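Visitor: Mind looking at a prediction? Sequence and model below.
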Number of protein chains: 2
Amino acid sequence: MTCADAVTNAPGQAAQRKVGPGGPTEDAALPERKGERTRRRILTAARRKFAEVGYERATIRAIATEADVDKSSVIQYFGSKQDLFREAVHWQIPHDELTTSDPGQTVENRLRSMLDTWAADPDSPMAVLLRTSMTSDEAAELLRRHLTVQVTDHIAATIDAPDARLRAALFSAIMMGLAAQRYLLHLPDLAEAEVEDIVRIATPLLRSLIAPEM
Amino acid sequence: MTCADAVTNAPGQAAQRKVGPGGPTEDAALPERKGERTRRRILTAARRKFAEVGYERATIRAIATEADVDKSSVIQYFGSKQDLFREAVHWQIPHDELTTSDPGQTVENRLRSMLDTWAADPDSPMAVLLRTSMTSDEAAELLRRHLTVQVTDHIAATIDAPDARLRAALFSAIMMGLAAQRYLLHLPDLAEAEVEDIVRIATPLLRSLIAPEM
């Protein structure tokens, strides 16, 4: 999943579209596209600003300046800073696409998809949420909810063991530790490693976590 | 290792002791102890302040206020903010104590020691360094150096495989992901789990990482 996909799939964006006067028509197609572009520009600027100075210190004014739009446009498109933040850091894991009948393959798909997402954009929604969650209770609460619903709940449902939830939570922790050290903190040995080597070593580990021999 | 041990083992502190007039004597014992207490109070206050507002925004003045000492005392004991930060986030893993002839036992020792350290103090040196490294290049550089020297180099030296360094780096990433989600971000499933359950599930995983079947 790329960052752009995550934005496109954001539920808030779908809601925004419905707000238009009677929905998109052929005549309205051009302004609609322009509106989309402006929304995206604001979201990109918001992610950059939130990542840079944290949730509390990022102002709507600074984000508007970064996006080269009026402050009123930001408010018109997104409402409050809280709503803008929620949409900027929203991401959706394409569970259906990643899941196969083979647990090893599913784990490998999840790992590759996660590495691709983080590699594609240093200010991806997940990266910005993790970065901001270290200094903001609001961001940390959103991260807890996202990871629990988007990762732990989904993975736990696929594990046939009494400690399924803890195994799923450890899966999430390992994926986050890996992404954080490779892409956010740039630990040299991980940052310089080939994706294939990471996949080769980490896949059997993650597989044994979610498909334990009973 | 507790937070206090980490502080006691800090090299800067040893250097400070040597600065005294001819080293501690019986007469000098009392002021020496008072000096130690003041140093510790400043270090604790510094960790709290750095964790709260980040490296860049924490001022020596604010740390002095938090520690209830004069700004000049902070400078006298630690020099610059950079030096104070280095000492506040310094920690030393007791590798010799943790290592046994059995890789599984060594891994379990490492895991328990890490969980104990983080549980003992929400502002432990490692926790503060991780928190601040998300918003400060200076802190991130220090974290990279600490983790590479304190964890990756040590673990890699014990692994008998051509990809020893990457395996050691993944070990470090997994430990950090686990600590961050349990103690910093309070992901509910991990935060509420029993230590014994985490050790039971994570030990075989980490063992297979550092003692791969060739």
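Guide: Okay, I see it.

Visitor: wait, does stretch A:125-135 make contact with chain B?
Guide: Yes: using CB under 8 Å from any CB of the partner chain, stretch A:125-135 reaches chain B at A:130, A:131, A:133, A:134, A:135. In short, each C-beta sits where N, CA and C put it, glycine included.

Visitor: Which ones among those map onto strands?
Guide: Applying DSSP state E to those, no entry is found in strands.

Visitor: Rank these by pLDDT and give me only the lowest.
Guide: Confidence by pLDDT is poorest for residue A:135 among the residues of stretch A:125-135 next to chain B, given 83.

Visitor: residue contacts, residue A:168?
Guide: Applying CB atoms under 8 Å, 6 or more residues apart in numbering or on different chains, we find residue A:168 in contact with A:151, A:152, A:153, A:154, A:155, A:156, A:159, A:210, B:189.

Visitor: Break chain A down into its domains, please.
Guide: What automatic domain parsing lists as the domains of chain A is A:3-88, A:95-210.

Visitor: closest to residue B:85 out of those?
Guide: For these, proximity to residue B:85 was assessed by CB to CB; domain A:95-210 is nearest, at 16.1 Å.

Visitor: First-to-last residue distance for the closest one?
Guide: One end of domain A:95-210 to the other measures 15 Å (CA to CA, to the nearest Å).

Visitor: hang on, the earlier thing: least confident of the domains of chain A, on average?
Guide: Mean pLDDT values for the domains of chain A show the minimum at domain A:3-88, a mean of 77.

Visitor: of all the residues of stretch A:125-135 next to chain B, which comes closest to residue B:183?
Guide: Closest to residue B:183, out of all of these and judged by CB to CB, is residue A:134, at 12.0 Å.

Visitor: Pull the contacting residues for that closest one.
Guide: A:140, B:130, B:131, B:134, B:135, B:184.

Visitor: and it, how far is that from residue A:198?
Guide: 24 Å (CB to CB, to the nearest Å).

Visitor: neighbouring contacts of the longest helix that chain A contains?
Guide: Longest helix in chain A by number of residues, with DSSP state H as the criterion: helix A:29-53. Residues outside helix A:29-53 that contact it (CB under 8 Å, 6+ apart) are A:4, A:7, A:13, A:16, A:20, A:24, A:58, A:62-64, A:66-69, A:73-74, A:77-78, A:84-85, A:87-89, A:122-125, A:127-128, A:131-132.

Visitor: Where does chain A get nearest to chain B, which residue?
Guide: Nearest residue of chain A to chain B: residue A:177, at 2.1 Å (CB to the nearest CB).

Visitor: Return the host helix or strand of that residue as PDB; C-alpha atoms alone will do.
Guide: Using DSSP states H and E, residue A:177 maps to helix A:164-179. Provided in PDB are the C-alpha atoms of helix A:164-179 (Å, rounded to 0.1, in the frame of the first residue of the first chain):
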ATOM      1  CA  ALA A 164      -3.700 -15.500  20.100                       C
ATOM      2  CA  ARG A 165      -4.100 -11.800  21.200                       C
ATOM      3  CA  LEU A 166      -0.700 -11.600  22.800                       C
ATOM      4  CA  ARG A 167       0.900 -13.400  19.800                       C
ATOM      5  CA  ALA A 168      -0.800 -10.900  17.500                       C
ATOM      6  CA  ALA A 169       0.400  -8.000  19.700                       C
ATOM      7  CA  LEU A 170       4.000  -9.300  19.600                       C
ATOM      8  CA  PHE A 171       3.600  -9.500  15.800                       C
ATOM      9  CA  SER A 172       2.700  -5.800  15.700                       C
ATOM     10  CA  ALA A 173       5.500  -4.900  18.000                       C
ATOM     11  CA  ILE A 174       8.100  -6.700  15.900                       C
ATOM     12  CA  MET A 175       6.800  -5.100  12.700                       C
ATOM     13  CA  MET A 176       6.900  -1.700  14.300                       C
ATOM     14  CA  GLY A 177      10.400  -2.200  15.800                       C
ATOM     15  CA  LEU A 178      11.700  -3.200  12.500                       C
ATOM     16  CA  ALA A 179      10.100  -0.300  10.600                       C
END
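
Visitor: Closest one of the contacts of residue A:134 to residue B:172?
Guide: Distance to residue B:172 across these (CB to CB) is lowest for residue B:130, with 11.8 Å.

Visitor: Report the separation between the closest one and residue B:158.
Guide: Counting by CB to CB, the gap from residue B:130 to residue B:158 is 24 Å.

Visitor: So which of those two has more stuff around it?
Guide: For residue B:130 versus residue B:158, the count of surrounding residues by other CB atoms under 10 Å in any protein chain shown is larger for residue B:130: 26 against 14.
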